[in-house]
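> From the sequence below, what's the structure:
(one chain, ligands or ions: 1)
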Amino acid sequence: MKWSEKAWQEILPVYKDIIQMPFIIELANGTLDIEKFKYYMQQDAHYLEYFARTLAVISAKAQSVDTMLDFIRFSEGAIVVERALHDSYFKQFNVGERMPVSPTCHHYVHYMQSTVYMQQVEVGMAAVLPCFWIYKKVGDYILQIQAKENNPYADWINTYGGEEFGNLVEKAIMLCDEGADKCTETQRKQMTAAFVDASRLEYLFWDSAYKLEKWKR
Ligand SMILES: Cc1ncc(C[n+]2csc(CCO)c2C)c(N)n1
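Numbers count the residues shown, from 1 in each chain. Coordinates of the predicted model:
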């Protein structure tokens, strides 16, 4: 069994919880409170900036030039493609000011950064994989259940549910499997632990948007 297949089994309960979250259900049927979506988008703008930097560090640490190129392209994608989505929503919803980073976003981005800087590169790759894979699965799920008429979140749904994004995700999974093949069993376990932690943080990211999470002080 491939590392990725085993790793997905580990996070299946987290994924099942994610697709039942009110944020996801309401995004799919178009009833999600605009303030919650705006909050999510503002935090995601912070997230993407850190995430793109994290991918660039993985690129710098990669074992081969081909893998280096793949991760630098992912990094570019995080800025270029996702920023276009953000910009159009920010215009549409009239979002001007930049919010401070929320506690959960802070936790997630710094978790990824420390993992990528402190651990071997394959563990870093596993830590960023939920970002790709969970979004693909959630995007496909929402495509099936979405309200197609007048859904204000259709652009978001089409970004992650589409085939083009699917190819990118396949590549990220394949690179992790390739890396896992070169690792010892102990190192593979570290990869799985990072994959599970990051998946739980994906859950918390949506949860924090739904709750409009704030720093206590
Ligand atoms: C919290 C959060 N997690 C994952 C993504 C999805 N995502 C962000 S960048 C990227 C790869 C682009 O090369 C993907 C799939 C998101 N937007 N926000």
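> What residues does this protein have near the ligand?
Proximity of the chain to the ligand (CB under 6 Å from any ligand atom) is limited to residues 44, 47-48, 51, 74, 77-78, 82, 131-132, 135, 202, 205. In this view, the C-beta of every residue, glycine as well, is placed from N, C-alpha and C.
> Who wins on neighbours among those residues?
Neighbours here mean other CB atoms under 10 Å. Within the residues of the chain next to the ligand, the largest count is held by residue 131, at 25 neighbours.
> What does it show for phi and psi?
phi -60, psi -40 (degrees, to the nearest 10).
> Check what pLDDT the residue lying closest to it once chain neighbours are set aside gets.
What sits nearest to residue 131 in space, not counting adjacent residues and going by CB to CB, 6 or more residues apart in numbering, is residue 51, at 6.6 Å. Residue 51 is assigned a predicted lDDT (pLDDT) of 97.
> swap in residue 198?
As predicted, residue 198 sits at a pLDDT of 98.
> Not counting sequence-adjacent ones, nearest residue to it?
Leaving aside its sequence neighbours, residue 198 sits nearest to residue 130 (CB to CB, 6+ apart; 4.4 Å).
> ok, the one you found - contacts?
Each residue near residue 130 by CB atoms under 8 Å, 6 or more residues apart in numbering is listed here: 11, 195, 198-199, 201-202.
> can you give me the helices for the protein?
For the chain, the helices defined by DSSP state H occupy 3-18, 22-29, 34-61, 65-92, 103-118, 121-145, 154-161, 163-181, 185-210.
> now for the second one, which elements pack on it?
Yep, that's helix 22-29 we're talking about. Judged by 3 or more CB pairs under 8 Å, 6 or more residues apart in numbering; DSSP states H and E, the packing partners of helix 22-29 are helix 34-61, helix 121-145, helix 154-161, helix 185-210.
> Figure out which of those helices is closest to residue 1.
Closest approach to residue 1 among those is made by helix 185-210 (11.6 Å; CB to CB).
> Going by proximity to the ligand, name the top residue of this protein.
For the chain, the residue closest to the ligand is residue 77, as judged by CB to the nearest ligand atom, at 3.0 Å.
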